[in-house]
Structures are given as structure tokens and as C-alpha cells.
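[1] what shape does this take:
(one chain, ligands or ions: 1)
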Amino acid sequence: MAHNEDLFKKIISHAKEYGYVFPSSEIYDGLSAVYDYGQYGVELKNNIKQYWWSAMVQMNENVVGLDSAIFMHPTIWKASGHVDAFNDPLIDNKDSKKRYRADVLIEDHIEKFNDKIEKEAEKAAKRFGDQFDRELFLSTNPKILEYRKKGEEIKEKFVLALENNDLEAVRQIIIDNEIVCPISGTRNWTEVRQFNLMFDTKLGSVTDDASTIYLRPETAQGIFVNYLNVQKTGRMKIPFGIAQIGKAFRNEIVARQFIFRMREFEQMEMQFFVKPGEELTWFEFWKNRRMQWHLALGLGNQKYRFYKHDKLAHYANAAFDIQYEFPFGFKEVEGIHSRTDYDLSQHQQFSGKKLQYFDPELNQNYVPFVVETSIGVDRTFLMILCNSFVEEKITKEDGSVDERVVLKLPPALAPIKATVLPLVKKDGLPEKAHEIMDALKFDFNCQYDEKDSIGKRYRRQDAIGTPYCITIDHETLENNTVTIRERDTMEQIRVDISKLAEIIGQKVDMKHLLKRL
Ligand code: GAP
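    From the prediction side, this is the model:
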């Protein structure tokens, strides 16, 4: 799919207009790459977290939760490698004075070859019609083979340069491939430099180096340093997992794409502790399990793909990303990493404390290996928001065409499950509506709305993504029935008030999502 900037802009302004996401500190002109979640945003975010937590902790006997502090002993970040190696390679364009991540410039350039391949395939598909054999075309067309070869050659050089930490070679790739600054259009580049992404601050009133502490750049380390506490007090047997949701902070240099890359964000991470040698089996297991979690949301299987890491992080022996097709292309939402025994061994060494597990079956001590699943709450939020945003044309009974913007959110994640609407603001209808709302609010997050015409109120709920609207009219007072309108089909049926909780529950209950796992 071609990148769709217009669509993305519409989604960002919709998110603001309907109380999902606001720029942080907006009255002071905002703070770059920091955002606040509004009244509906916070509900969607909480529901995403609940879906993840239930899927990981509630549904797995051998996974338990944790909530560790953001501030941790500074040596943790020395041991984990973040002080020395959590860097981004940066390059500046001397004309525009803009700063870029050198790796992103190169990756975007490689992606252009994939776009060209896709365009050639689309053209050919139009030319050949039903006769078109896409696989054959992609594997034999000389132009495509040339594009692919070029892309692969650059990638090979790039991976080698990163592995050797050779910043001059990274710069040379940018020069050789004539990559230009998107702003100035020139190739007037500085050297490439490494920049550490951790924020630091001072603990207490003394401001010497020893009091420097970091805002955690991942939640995972809090799990590693607590693994024996949890194992012993929870009497956990390997294999077992520890799950955590929490804030993480990175001083991202190139903050782009709304809440996709933020400086303060939230992660949902699970570390799964396994017997050494079994890590790749568990890696496959969790890779598939996590994809299943995504697919159960019903956003469309074709919108996802796995991406294999060519350059592995210093701690990993296998790594895949789950990528989703955002309006700005396929991008990482989640990482699944086989982190070996790197972190625990490092903490053992730096702390001087044994972090071994006694395996009663083997009658032996060992440092477990770890498989990690790590997903960003905010990226998941953005993925769901982008997928749900639909502009629809509706032909009315009189033949005229109307338009609506609807957020087709997975019902179990929708902020408001049902809105109760009295048809008019008099004749006892508001009182009856409140009575219904008071009964339903024990089961679902509901809203009451009596302002504006019923049509306008439906549109407002569509834009918020509310799965059901319940309308109370004069007939309700006579026979205790209401109309219930479904968001996506806009179909309305008349039902007895006593049936409402059951009808709504069938669609919005989180357990329907969990049963698909
Ligand atoms: N513990 C492993 C780890 O942190 P990562 O790939 O750096 O791995 C995991 O991050 C996930 O966290 C990413 O897949 C992404 O969803 C989210 N994430 C990372 N940096 C982010 C940022 N600056 N803004 C928003 N989400 C981010």
C-alpha cells in the first residue's frame, strides 16, 4: 500500500477532536514527542492493557505479574549494557540543520526498493489481468530482480557496518547511495555519532556522579532483578514467566509519527525463564502465541507480518518483530527476543549475588535462559486507532448521500460500550434513560447523552466508536422496550430492557477475545 499521509493526518486530528490523544502541555505549545491520553484514550489504553494482562497472566498458569519501580540502582544499567550500548547512530544535514537516525535513513532507502517492486507488480497485474502470476513475475522479472539485488546489497553492508560499530562505513552507505535530506534535498552530511538514549536525573540533594540514576528505558530489567524473589515466594518452577506493564523513557532523537515514537511511553513485557537449550523452542512458541493475540483482535491478517532481525542486539540469539501496516508503512509493534542468559549472568556478575535456579528434576543449579515478548501500549493503541478509522458514505432512504466517520474499534476494547439516549428531553424519558443507565453501569462503561438531535448523537457515538446506542422513546414508557442500534451495521432492533445486558455482553465481553487465543 502506498503511504497515506492524508489519512494519517485525519486520524491524528480525529484523536484530538474526540478526546483520545492530546499533545502534552498544549497551552505551552506542547512538548515534543510527549502526549496525553484524553477521556476516551485512557479507557482504550486501559482495555488494551487488560486484554494483554488477561492473555498473559490470567490465561497462563505459569505466568505471574510484577510492578517494579521506575527508578532502579544505576549499576543495573551498567550490567544490562544500556550505559555503554543503548545508542542511536545520528547524522545531521548541514543545510537543513535537521538530525536523523542514520540507520533509519538507510532502512527507509532500502524500503524504497520494496515500494518499487510493489509498483511494478501492480502495473503488471493491471496489464495481464486474470493471467497474472504474481509469484512467477516477482521471481523472474529482470527489473524486480535488479531492485531486490540492490536492496540486499545495501542491507548486507549496513548490517556489517553496525556489527562492527563502524560509523564511518554507515556514513559511506548514505553517501554512496546518494541519500538526501528530506527537508533540504541535499547530501551535505556531518559525521555519524553515537547518542545514548537514556534520560538521567539525580537522586537526593547531592549532585555528584554517584547519585546519577536513569529513568528506565525498558521495563524488562525490573523483572530480571526480581526474578528470584518471584520464583521463591511464588514457588515457581521453570519454565515460568513474569509479566509487567509500565512506563519507559527514551530520549528519542527523531521523534516522528505521533504516538509511534515517544519519549515517555508504556511497555507490556513478559520474560519467560527456561532451561538452557530449550530457549529456541519457547521462542517459537511465544512468537506464535503473540501473533495469535494480535490476530484475535480481528484487524485483518494481511495487515501483519513477521520481520526477522538481521542484526541481533548484544543480548539476543534470535529476534523477530511483529510488524503492522500503519498508514506510513509496515512498522514494529512488538518484539520477541531470545535473550539467552545474558541479563541474569550480567546481574550476577555486577551484584555479586547468585541468580541461579535450582532445578529439582535435574538436581542441578543453572542460570535460566530468557525469552522475552515486548509490546508498546502506545503503538498498539495507534495500530488499533488507524485500523478502526473509517470514512463511510451512506445512502439514505430518500436517495441522498450522507457521510459518517466511524471508529470500528474491536467492541471489547471500545471506551464506551453503550450510550443511553432519550429521544427527547421531556415526558419522563430522561428519567427512564437514567434508570437504564444505572442498571447497565454495573456491567459496562456507559454514557448518557441528551443533547442535539438523535441523528447527531448517533454520529458522535460513531466517531467515538461506541458499539451500541440505546434509544428511549415514548413506547419505552408503555412496554419497557428500547431500540438498540449497532455501530457498524447501523441496524436497529427493538428489544426488552431486560435483554440489554445480555445482547451487549455477547459482543463486548473481553472473554470473547480471550477465547480466540
Ligand atoms: N525489552 C526489550 C525492548 O525494550 P524494544 O524493541 O526496544 O525492546 C519494545 O521495545 C517495544 O516497545 C517496541 O516494539 C515498541 O512497541 C515499544 N517502543 C519502543 N520504543 C518506543 C518509543 N520511543 N515510543 C513508543 N513505543 C516504543
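[2] and the helices in the stretch 301-450 of the chain, which stretches?
    342-351, 377-388, 429-440 (DSSP state H, counting those that start in this stretch).
[3] so which of those helices is the most packed in?
    Counting by mean count of other Cβ atoms under 10 Å, helix 377-388 has the highest mean neighbour count of those, with a mean of 22. Placement of C-beta: from N, CA and C, glycine included.
[4] now the closest residue to residue 410 other than its chain neighbours: phi and psi?
    In this structure, residue 410 finds its nearest non-sequential neighbour in residue 297, 5.2 Å apart by Cβ to Cβ, 6 or more residues apart in numbering. Dihedral pair for residue 297: phi -70, psi -20, per degrees, to the nearest 10.
[5] name the residue of the protein that lies nearest to the ligand.
    Residue nearest to the ligand within the chain: residue 376 (2.5 Å; Cβ to the nearest ligand atom).
[6] that residue reaches residue 333, doesn't it?
    Yes: when contacts are counted by Cβ atoms under 8 Å, residue 376 is listed as touching residue 333 (6.8 Å).
[7] flag every residue of the stretch 351-500 of the chain that's near the ligand.
    Contact residues (Cβ under 6 Å from any ligand atom) of the stretch 351-500 of the chain with the ligand: 372, 374, 375, 376, 378, 379.
[8] redo those residues as CSV? Include pLDDT.
    Formatted as CSV, those follow (pLDDT from 0 to 100):
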residue, pLDDT
372, 98
374, 98
375, 98
376, 98
378, 98
379, 98
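[9] need the max-distance pair from those residues.
    In terms of Cβ to Cβ, those reach their longest pairwise distance at 372 and 378, which sit 18.6 Å apart.
[10] sorry, back to before: and the residue of the chain closest to the ligand, what is it in contact with?
    The contact partners of residue 376, by Cβ atoms under 8 Å, 6 or more residues apart in numbering, come to 265, 266, 267, 268, 333, 334.
[11] just give me the closest of these to residue 425.
    residue 266 (40.4 Å).
[12] the closest one: which element?
    For residue 266, the element it lies in under DSSP states H and E is strand 264-274.
[13] now for the single longest helix found in the chain, which elements pack on it?
    Determined from DSSP state H, the single longest helix within the chain is helix 102-128. Helices and strands touching helix 102-128, by 3 or more Cβ pairs under 8 Å, 6 or more residues apart in numbering; DSSP states H and E, are strand 87-92, helix 134-140, helix 142-163, helix 167-176.
[14] count the neighbours of residue 202 for me.
    By the measure other Cβ atoms under 10 Å, the count of residues near residue 202 is 13.
[15] helix or strand next in line after the helix or strand harbouring residue 48, which one?
    Residue 48 belongs to helix 41-53 when assigned by DSSP H and E. Next along the chain after helix 41-53, taking DSSP H and E as the criterion, comes strand 63-66.
[16] so which bits of that following strand are buried?
    Neighbour-count burial for strand 63-66, counted by 16 or more other Cβ atoms under 10 Å, picks out 63, 64, 66.
[17] so which of the residues you listed comes closest to residue 467?
    residue 63 (29.7 Å).
[18] for residue 160, which non-adjacent residue is closest in space?
    residue 169 (7.3 Å).
[19] which ones are touching that neighbour?
    Applying Cβ under 8 Å, 6+ apart, the residues contacting residue 169 are 157, 160, 161.
[20] apart from its chain neighbours, what residue comes closest to residue 54?
    Leaving aside its sequence neighbours, residue 54 sits nearest to residue 514 (Cβ to Cβ, 6+ apart; 5.8 Å).
[21] before we move on, what about residue 90?
    Take residue 90 and drop its neighbours on the chain: the residue closest to it by Cβ to Cβ, 6+ apart is residue 195, 5.0 Å away.
[22] then residue 16?
    residue 22 (6.0 Å).
[23] poorly predicted segments of this structure, please.
    Filtered on pLDDT under 70, the chain yields the residue ranges 1-3, 206-210.
[24] related to what we said a few turns ago, how many residues are close by the residue nearest to residue 410?
    There are 20 residues near residue 297, going by other Cβ under 10 Å.
[25] got a list of what it touches?
    Residue 297 makes contacts with 384, 410, 413, 513, as judged by Cβ under 8 Å, 6+ apart.
[26] gap between it and residue 241?
    As judged by Cβ to Cβ, to the nearest Å, residue 297 and residue 241 stand 21 Å apart.
[27] just to revisit the earlier point, with distance to the ligand added, can I get the helices and strands packed on helix 102-128 in TSV?
    Listed next are these as TSV, based on distance: least, Cβ to the nearest ligand atom, whole Å:
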stretch	distance to the ligand
strand 87-92	11
helix 134-140	29
helix 142-163	15
helix 167-176	19
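[28] out of the ones you listed, deepest packed?
    Of the helices and strands packed on helix 102-128, strand 87-92 is the most buried (mean count of other Cβ under 10 Å), at a mean of 19.
[29] and that strand, C-alpha only, in PDB?
    Written as PDB, here are the backbone C-alpha positions of strand 87-92 (Å, rounded to 0.1, in the frame of the first residue of the first chain):
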ATOM      1  CA  ASN A  87      22.800   4.300  21.400                       C
ATOM      2  CA  ASP A  88      21.400   5.500  18.200                       C
ATOM      3  CA  PRO A  89      23.700   6.500  15.300                       C
ATOM      4  CA  LEU A  90      22.900  10.100  14.400                       C
ATOM      5  CA  ILE A  91      23.700  12.200  11.400                       C
ATOM      6  CA  ASP A  92      23.000  15.900  10.800                       C
END
